[in-house]
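Engineer: Take this sequence and fold it.
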Amino acid sequence: MKLDMVKQSLPFLIICGIGEVFAGTIFGFMKDLFIDYPGLIVIMPAVIGMRGNIVTTLGSRLGSSIHLGVIDPENVLKSPETKENIHATLMLSVVMGVITSVVAYTSSISAGVKTITLPSLIMVTVLSALISGAILIIITIWIVILSFSKGLDPDNVTAPILTTVGDIITIFCIYFIVVILGGLGVIS
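Structural biologist: Sure, this is the predicted structure:
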């Protein structure tokens, strides 16, 4: 059993390690945004971590529900269990986005770090959490269904894949939201 877990997880973990290097490279290209919009650097690790935690939890719950027979692998999207988990994931994204923004803003001000306004931080965090969350929900469902259909344990596959893909997508979402909102003059 343990050997199966290693056989199933190891290739994905290697690929994910490479993906994390790619995510770090993308993060490095964002340095000008951190200069133009101070305070973003404070929310980045929290938003990325939050996204990974929420979506991997969704993947684990769906994988376990399929294994337990609560969700039919052929009709994952029609299952009330899936719909409840998707709603919970999106609600957690909004609530945690607001909390993360407030904590980041308060921490920045307390430490004397210049930052953008609290409403701007909340807008960036919540929008990036919702957009990346919606994308990652689709990817999560696809990974769970595909891994189950290939005879793999979704619990061994979803977490490493979603963590890496989630980091990359969340970084891109934050970048594009800041560029768009900054261009519109919404962020101050």
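
Engineer: When you work out contacts or count neighbours from here on, use the C-alpha atoms and nothing else.
Structural biologist: Will do.

Engineer: what residue is smack in the middle of the chain?
Structural biologist: Residue closest to the mean C-alpha point of the chain, counted by Cα atoms, centre = their mean, is residue 51 at 2.7 Å.

Engineer: my read: that residue touches residue 129, true?
Structural biologist: Yes. Under the criterion of Cα atoms under 8 Å, residue 51 makes contact with residue 129 at 6.8 Å.

Engineer: Now do the shared contacts for the two.
Structural biologist: In terms of Cα atoms under 8 Å, 6 or more residues apart in numbering, residue 51 and residue 129 are both contacted by the residues 93, 170.

Engineer: So which bits of the host helix or strand of residue 23 are buried?
Structural biologist: In the assignment (DSSP states H and E), residue 23 maps to helix 2-29. By 16 or more other Cα atoms under 10 Å, the buried positions in helix 2-29 come out as 8, 9, 12, 13, 16, 19, 20, 23, 27.

Engineer: and the worst-scoring helix or strand of the chain on mean pLDDT, what does it pack onto?
Structural biologist: Within the chain, no helix or strand scores below helix 2-29, which has a mean of 75 by mean pLDDT, DSSP states H and E. Counting contacts by 3 or more Cα pairs under 8 Å, 6 or more residues apart in numbering; DSSP states H and E, helix 2-29 packs against helix 154-183.

Engineer: could you say what helices and strands the helix it packs on packs with?
Structural biologist: helix 2-29, helix 40-67, helix 118-149.

Engineer: ok and the longest one relative to helix 40-67, angle-wise?
Structural biologist: Same thing as helix 118-149. Angular relation of helix 118-149 and helix 40-67 on a 0 to 180 degree scale: 30 degrees, by axes from the mean of the first three to the mean of the last three Cα atoms, to 10 degrees.

Engineer: Helix 118-149 - contacts with which helices or strands?
Structural biologist: If you count contacts as 3+ Cα pairs under 8 Å, 6+ apart, helix 118-149 packs onto helix 40-67, helix 80-111, helix 154-183.

Engineer: so for that helix, what's the average pLDDT?
Structural biologist: When pLDDT is averaged over helix 118-149, the result is 92.

Engineer: next one: that helix to chain centre, how far?
Structural biologist: 5 Å (Cα atoms, centre = their mean, to the nearest Å).

Engineer: What are the buried residues along that helix?
Structural biologist: Buried residues in helix 118-149, counting neighbours by 16+ other Cα under 10 Å, are found at 118-134, 136-137, 139-141, 143-145, 147-148.

Engineer: angle of it against helix 154-183?
Structural biologist: Using the same axes, to 10 degrees: helix 118-149 against helix 154-183 is 150 degrees.

Engineer: cool, and the first one?
Structural biologist: Following the same axes, to 10 degrees, one obtains 10 degrees for the angle between helix 2-29 and helix 154-183.
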